[in-house]
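Colleague: heads up, no residue letters with this:
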């Protein structure tokens, strides 16, 4: 199940994950729209260079800054949350969007849940692959938990005090 | 104090609705406990031994009388008629039902209060000097900056899932009463040579398993840039703080591992990217917030009140109270008054609903309707006319607030401990009671003078035992409760980590151990020298030698099976709702 633009859509992409015994330099990248892990890109980029429909995924401990020029060639970059409490993906997304200027699809995958969607969207994710056993339709409500935010982030260029006239008592 | 505008109101209302829905989904089983745990913690809700506990935020310890009355209402309606003020300048309730927690938040929202980020691996409630705005040694009032930082950190999308909790503290005074050296980030408001306001920033302080004193990362960050600088620190920490080991996840471990110079380099590198960006504070926003912290309507008064001076001469109890519980004020004729929440038989920091209402009424009558919660777990009325001191003293006595023990041995800082908390190895409230009973002679206490006694029930150090002049830590030895004793710690100006005096003691030995430590002090001290200063001067040896010279007897009554924490209320007759079952 993939949420994109506030709708549930069919996911056209396949995520390549290395299985036990497979190595990044020798695993065969299947044809079609495939999201490959960073080690596979690092080992096989000469062979993969010509493929336009190729996505990249990063684990929380990996850094997009290690491949600053390459990020822009991927129409999709996914960040894998092995556990929803691993917050590194939020900073990773912030850096990709805000500091590296990545404009393609930025997808959250793995342990991505209803109650994290609002923050994920704020730091620049625009696609959300929820676990299969979760009700993606119900999770859409998570995007509208809040109608305002104090801080600037990827979604809002400035903090609240620069966006509105504050101080009018309720 | 800070007043909400319509945006603050709206945000808090939306937070209540969000949590109400999360609780609903938890109760229906839609959310698993593992998915819910972090959500409830970020709203201050813990699952404890007997019930749910909820920690409410009192940002930087400031509370209006209306808010205090709301705490009383919550105590009465949802709890057992009392609450517990904490070292983080908050209040927590120990006997709640999960299904009530959204209503509690909704009630709180009506008085501009919440429980956002009072727990969890996020930026926690910011603490400051309980005498902010009134202290004589204050250079700059830190509260406007504390409020600006509160808003920046509230529901920050990038920093809700940090490696571990993140605590900020800020002071604007010469003497550090906010313990900035033992926070993840400590801020000291300073002026540079040009008279501009900025912050000296410390990083990597903290207690817990690995106590560390913070290190200076920047000597002067101009106030306009404090948000972007703080954001840079937290971003580097979020990215590189350890996540493989809960006990090595605080920022202090990262700073130690890579060194302050490398950490500083990374933060500066990050800061270059957002400094001068839109998150830079504006004068207009500072002015708007600072306008909430202007001086109340002080009147011109004589510095001393004749009646107070006379009663001070004639009445020893009043004179003790003046000496211990009344603090100087920057405005002539005014004083800051501490209401002690420490008295024999009561858990340190506990107050009943009636006491909360009484404190609110005293604030309305004598202190412009405002109170502060101190990290010593007492209350402060910050703006009292000296001519009202006698009337206030009489009223405080009626409520049990007038124990003249602020800063003395029995002003114990204590965590909930094994009586309440699932993490504890040993009881701490009950031990505080035992120490309290042993040292109930106020003349002796006055003679001993200032001693910070801190009792933590486990290594998480909620009672900051490392920085107690005497620190007591509950440890587990093959299932039994034991206590490790350290001396020489200090919470600020300068902070120091206490040193363990030797092998640990049983529950019933501790009062005697404290007594022996004090006996060494009394023999060794110079006139007017405080306990901590004597320890610093003579070192640990004389204390160790005397404490361990002969076997330490166990106090007989403490061995009796019925020596327990005073029960407050009766246990639920039905099991409390627990998702675990």
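Modeller: It's in. Not measured: the values here are computed from a predicted model.
Colleague: Now chain A against chain B: closest residue?
Modeller: residue A:87 (2.9 Å; Cβ to the nearest Cβ). Bear in mind the C-beta positions are built from the backbone N, C-alpha and C, glycine included.
Colleague: Pull the contacting residues for the closest residue to that residue other than its chain neighbours.
Modeller: Excluding its sequence neighbours, the residue lying closest to residue A:87 (Cβ to Cβ, 6 or more residues apart in numbering or on different chains) is residue B:161, at 2.9 Å. Residue B:161 sits next to A:84, A:85, A:86, A:87, A:90, B:38, B:121, B:122 when contact means Cβ atoms under 8 Å, 6 or more residues apart in numbering or on different chains.
Colleague: rerun at 7 Å
Modeller: Each residue near residue B:161 by Cβ atoms under 7 Å, 6 or more residues apart in numbering or on different chains is listed here: A:85, A:86, A:87, A:90, B:121.
Colleague: Take those and write them to a markdown table, including distance to residue B:413, neighbour count and pLDDT.
Modeller: Below are these laid out as a markdown table (distance: Cβ to Cβ, whole Å; neighbours: other Cβ atoms under 10 Å in any protein chain shown; pLDDT from 0 to 100):
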| residue | distance to residue B:413 | neighbour count | pLDDT |
| --- | --- | --- | --- |
| A:85 | 30 | 19 | 97 |
| A:86 | 34 | 18 | 97 |
| A:87 | 31 | 26 | 98 |
| A:90 | 35 | 32 | 98 |
| B:121 | 24 | 24 | 97 |
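Colleague: So which of the residues you listed sit within helices?
Modeller: Counting by DSSP state H, the contacts of residue B:161 place residue A:90 in helices.
Colleague: Identify the farthest-apart pair in the contacts of residue B:161.
Modeller: Using Cβ to Cβ, the contacts of residue B:161 span at most 12.3 Å, a distance reached by A:90 and B:121.
Colleague: Near chain B, which residues of chain A are found?
Modeller: Contacts of chain A with chain B, taken as Cβ under 7 Å from any Cβ of the partner chain, map to A:85-88, A:90-91, A:94, A:99, A:113, A:115, A:119, A:122-123, A:145-153, A:157-162, A:164, A:166-170.
Colleague: tell me the SS of the spatially most central residue of chain A?
Modeller: Closest to where the C-alpha atoms of chain A average out (Cα atoms, centre = their mean) is residue A:107, at 2.8 Å. Classification of residue A:107 using DSSP: H, G, I helix; E, B strand; the rest coil returns strand.
Colleague: Distance of it relative to residue B:432?
Modeller: 53 Å (Cβ to Cβ, to the nearest Å).
Colleague: do the same with residue B:119
Modeller: According to Cβ to Cβ, residue B:119 stands 23 Å off from residue B:432.
Colleague: try residue B:295
Modeller: 37 Å.
Colleague: Which of these two has more residues huddled nearby?
Modeller: Shown here are residue B:295 and residue B:432; by other Cβ atoms under 10 Å in any protein chain shown, residue B:432 has more neighbours (28 against 12).
Colleague: Would you mark the buried spots in the strand or helix carrying the more buried one?
Modeller: If you go by DSSP states H and E, residue B:432 is part of helix B:429-438. Buried residues in helix B:429-438, counting neighbours by 16 or more other Cβ atoms under 10 Å in any protein chain shown, are found at B:429, B:430, B:431, B:432, B:433, B:434, B:435, B:436, B:437, B:438.
Colleague: ditto for stretch B:187-198
Modeller: For stretch B:187-198, by 16+ other Cβ under 10 Å, it's B:187, B:188, B:189, B:190, B:197, B:198.
Colleague: And stretch B:523-531, by the same measure?
Modeller: So for stretch B:523-531, counting by 16+ other Cβ under 10 Å, buried means B:524, B:525, B:530, B:531.
Colleague: just the residues you listed now: which is nearest residue B:100?
Modeller: Nearest member of the buried residues of stretch B:523-531 to residue B:100, counting by Cβ to Cβ, is residue B:531, at 43.9 Å.
Colleague: and the gap between that closest one and residue B:543?
Modeller: 10 Å.
Colleague: which neighbours do the two share?
Modeller: What both residue B:531 and residue B:543 touch, as defined by Cβ under 7 Å, 6+ apart, is an empty set.
Colleague: Next up, the contacts around residue B:525.
Modeller: Taking Cβ under 7 Å, 6+ apart, we find residue B:525 in contact with residue B:534.
Colleague: what's the answer for residue B:543, then?
Modeller: B:487, B:501, B:517, B:520 are the contacts of residue B:543 under Cβ under 7 Å, 6+ apart.
Colleague: Would you point out the most distant pair within the residues you listed?
Modeller: B:501 and B:520 (10.7 Å).
Colleague: Specify the local secondary structure of the closest residue to chain A within chain B.
Modeller: Residue nearest to chain A within chain B (Cβ to the nearest Cβ): residue B:161, separated by 2.9 Å. Following three-state DSSP, the label given to residue B:161 is coil.
Colleague: mind listing the strands in chain A by residue range?
Modeller: A:2-4, A:7-9, A:14-15, A:34-37, A:54-59, A:76-81, A:105-110, A:127-129 (DSSP state E).
Colleague: Any chance of the ones you listed in CSV with mean pLDDT as columns?
Modeller: Compiled in CSV, the strands of chain A are given as follows (pLDDT from 0 to 100):
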stretch, mean pLDDT
strand A:2-4, 97
strand A:7-9, 95
strand A:14-15, 98
strand A:34-37, 98
strand A:54-59, 98
strand A:76-81, 98
strand A:105-110, 98
strand A:127-129, 98
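Colleague: so which of these gets nearest residue B:374?
Modeller: Of all the strands of chain A, strand A:76-81 comes closest under Cβ to Cβ, at 40.2 Å.
Colleague: Flag every residue of chain B that's near chain A.
Modeller: Residues of chain B lying near chain A (Cβ under 7 Å from any Cβ): B:3-7, B:9-11, B:14, B:18, B:22, B:35, B:38-39, B:151-152, B:154-158, B:160-162, B:235, B:238-239, B:243, B:273, B:278-279, B:282, B:285, B:288.
Colleague: Now go through the residues you listed and say which are in strands.
Modeller: Among these, no member lies in strands (by DSSP E).
Colleague: Pull out the buried members of those residues.
Modeller: The buried subset of these (16+ other Cβ under 10 Å) comprises B:4-5, B:7, B:11, B:14, B:18, B:22, B:35, B:38-39, B:151-152, B:154-158, B:160-162, B:235, B:238-239, B:243, B:279, B:285, B:288.
Colleague: in chain A, which helix has the most residues?
Modeller: From DSSP H, the single longest helix across chain A is helix A:38-48.
Colleague: the inter-axis angle of it versus strand A:54-59?
Modeller: Here helix A:38-48 points in a direction 160 degrees away from that of strand A:54-59 (axes from the mean of the first three to the mean of the last three Cα atoms, to 10 degrees).
Colleague: what mean pLDDT does helix A:38-48 have?
Modeller: Mean per-residue pLDDT for helix A:38-48: 96.
Colleague: repeat for stretch B:544-563
Modeller: Here the average pLDDT along stretch B:544-563 is 92.
Colleague: what comes up buried for that stretch?
Modeller: Buried, per 16+ other Cβ under 10 Å, within stretch B:544-563: B:544, B:547, B:552, B:554, B:555, B:558, B:563.
Colleague: quick one: which helix or strand includes the second one?
Modeller: When elements are assigned from DSSP H and E, residue B:547 belongs to helix B:541-549.
Colleague: and after that helix, which helix or strand comes next?
Modeller: helix B:556-559.
Colleague: neighbouring contacts of that following helix?
Modeller: Applying Cβ under 7 Å, 6+ apart, the contact partners of helix B:556-559 are B:434, B:507, B:508, B:563.
Colleague: Same list, these, but as a markdown table with secondary structure please.
Modeller: Shown next, in a markdown table, are the contacts of helix B:556-559 (three-state DSSP):
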| residue | secondary structure |
| --- | --- |
| B:434 | helix |
| B:507 | helix |
| B:508 | helix |
| B:563 | coil |
